[in-house]
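Asks: My questions are about this predicted structure, shown below with the sequence.
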Amino acid sequence: MSDPKTVKLVDESSHRGSELPLVSGTLGPACIDIGTLYKDTGHFTYDPGYGSTASTKSAITYIDGDQGVLLYRGYPIEQLAEKSSFLEVAYLLLNGELPKQDEFSAFEHDITHHTMMHEAQKNFFQGFHHDAHPMAMLAAAVASLSAFYHENLDVDDPADRKMAAIRLIAKMPTIAAACYRYTIGWPVRYPRNNLDYVTRFLHMMFEVPSEPLQMNPVAAKALDLLFILHADHEQNASTSTVRLVGSTGANPYASIAAGITALWGPAHGGANEAVLKQLEEIGTPDNVEKAVLRAKDKNDSFRLMGFGHRVYKNFDPRAKIIREMCHKVLDELGVNDPLLDVAMKLEEAALKDDYFVERKLYPNVDFYSGIIYKALGIPAEMFTVMFAIARTAGWIAHWIEQHETPGSRIGRPRQVYTGADVRDYLPTGKR
Ligand code: ACO
C-alpha cells in the first residue's frame, strides 16, 4: 500500500472539511500542509511553542531527535567535528557543498580581509557602563553594523547578501573580543591576518601590549571544535527569530542582532553560562542529590541547566562529542577543575533517575561546554557570546536561504483570543 498523500480533517459540528496535502522532505516525517485549512474549515491551528509545526522548508541542517542524528548539508556532525574546521563548515552551511581548495582559499581570504571594525564603531563601547553584559553590547554592536554598511543593504541583491555574510562571520570575533576587553578595561586589539580564524580570536581576547602571547594550539583546536558543534541547529528559537525578522525585509545585521537577543535566554544559548553558575552553586559532588531533588520538585522553579532539549529525546550528539573533548582538553591543558567531578556526578545521578528517564532529559550541548570555555580562560559572561560567534554562520545561511526561496511571505502567526468580549467605552466617572 502506498503512503497517503493527503490527510482529511473534518469539523464534525459544521461538517466542513479540508483535504490537506502532505509535504515530504528528503529525510524526516512528512508534514501536513495546512495552508488552506482556514479557508476550508474556518479554523486556525493552535500549537504554542511550535511543538508540531514546521515553519519552513530548509536544505541546511537535519536533526533526528529520536536517533540523536545531526547533519549539516547531509554530513554527520561526528565527521565534521573530527575532520573539518569551523571556517570550512561555515562555507558548507552557506554554499551547500564542501569547498574545493581554491574555493576555500578565496573564502578564507574574504573573511580575513573583513575582520576589522570601523574605527568609529569603537566609540559605541565607551557608551556602556563598565559592568555591562557582553551579550547586551554584542547585540547593539551587531545591529549598528547596518549603520556602517548601509550601501550594501539590498536584501534582494545576491552580492549584497553574500557581502553581509562575509562581514558578519569576519567581524563577529572582533566585536566579541572588544566587548570582553571593554568590560575588563584592556585596550581593544586589531585582528591579525596572519592567524587562522580561531587563533586570531584568542589573540584579540588575551593579548596584552606589555608581553607576547603564547598561543596554545590545544586551546585553538578545542575552540574550533566547539564552534563547529554550535554552527547551526535548524529552526531553533534564535534561528526562527532571525527568519521571522528577516521575513519583514529587515536588513541582515538587524535580523542577526535579533537572533543574538533570542539566544541570550537561559532556555536557549544562555544555558551555558547558567550551567557553570549552577555547578558552582552545587559546589561539590556531595550536594548533587539535593540538586536533583530540587529539579524534580514541581513547587520549585529550579531546573537542571544543560539538561533537556525540545528535539533530542535520546541524546544530543553534540553533548557526546563535547563530553569526550572536555576530559581531553582539561588533561592536555593540565587543568584540574573540581566542577568536572560535580558535572559527571550530576549527569550520572540524573541519567538513572526515573524523573529524567521518563521525560527523556539528557545533557545537551551546553552541559559540558562551559567547563571547556572556563579551562580556556574565557569568563562565564562570555560563554553565550562564544555561542553567538559560531551560530552566526547558521543564522546568516538561513537568512540567505529565506531570501533565495521564491514566494517567501512575512511570518505572521494567529492567536486564540482570550481577552474581554466587545464592550462600550465608559467615561471616567462611570467605570
Ligand atoms: N530540569 C528539570 N526538569 C526538566 C528540565 C530540566 N532541565 N527540562 C525539562 N524538564 C521537565 C519539565 O518540567 C516538564 O516536566 P512535566 O512534563 O512534568 O511538566 C518536562 O520535562 C518537559 O519539559 P518542557 O519544558 O515542556 O520541554 P521543552 O521542550 O519545552 O523545553 C528546554 C526544552 C527549554 C531545553 C528545557 O528542557 C529546559 O529548560 N532545559 C534547561 C535549559 C537548557 O539547558 N537549555 C539549553 C537547550 S539547548 C540550546 O538551546 C542550545
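Replies: Arrived safely, thanks for sending. For clarity, every value in this text was computed on a predicted model and none was experimentally measured.
Asks: Return the residues in contact with the closest residue to the ligand within the stretch 151-300 of the chain.
Replies: Per CB to the nearest ligand atom, residue 271 is where the stretch 151-300 of the chain lies closest to the ligand, at 3.5 Å. To be clear about C-beta, it is placed using only N, CA and C from the backbone, and glycine gets the same treatment. Neighbouring residues of residue 271 by CB atoms under 8 Å, 6 or more residues apart in numbering: 305-306, 364, 366.
Asks: Tell me which residues touch the nearest residue to it once chain neighbours are set aside, please.
Replies: Spatially, and ignoring its direct neighbours in sequence, residue 271 is nearest to residue 366 (4.2 Å; CB to CB, 6 or more residues apart in numbering). The contact partners of residue 366, by CB under 8 Å, 6+ apart, come to 269, 271-272, 275, 305-306.
Asks: Now do residue 366 against residue 223, distance only.
Replies: Separation of residue 366 from residue 223 (CB to CB, to the nearest Å): 15 Å.
Asks: what's the answer for residue 352, then?
Replies: Applying CB to CB to residue 352 and residue 223 gives a distance of 33 Å.
Asks: Residue 324 too?
Replies: 16 Å.
Asks: So which bits of stretch 143-152 are buried?
Replies: For stretch 143-152, a neighbour-count test (16 or more other CB atoms under 10 Å) marks 143-146, 149, 152 as buried.
Asks: ok, now stretch 57-67?
Replies: 58, 60-65.
Asks: Looking at the residues you listed, which are in strands?
Replies: If you go by DSSP state E, the buried residues of stretch 57-67 have 61-64 in strands.
Asks: And the spatially closest residue to residue 302 that is not a sequence neighbour, how far from residue 371?
Replies: What sits nearest to residue 302 in space, not counting adjacent residues and going by CB to CB, 6+ apart, is residue 294, at 4.4 Å. Going from residue 294 to residue 371 by CB to CB gives 21 Å.
Asks: Which one's more surrounded, the two?
Replies: A count of neighbours by other CB atoms under 10 Å puts residue 371 above the other of residue 294 and residue 371, at 24 against 15.
Asks: And the pLDDT at the more buried one?
Replies: On pLDDT, residue 371 comes in at 91.
Asks: ok, back up a step: if you rank the contacts of residue 271 by neighbours, which is first?
Replies: Of all the contacts of residue 271, the highest neighbour tally under other CB under 10 Å goes to residue 366, namely 29 neighbours.
Asks: List the buried residues of stretch 94-105.
Replies: If you call a residue buried by 16+ other CB under 10 Å, then stretch 94-105 has these buried ones: 94-95, 99.
Asks: before we move on, the earlier item: the ligand: which of the buried residues of stretch 57-67 is nearest?
Replies: The nearest member of these to the ligand, counting by CB to the nearest ligand atom, is residue 65 at 10.1 Å.
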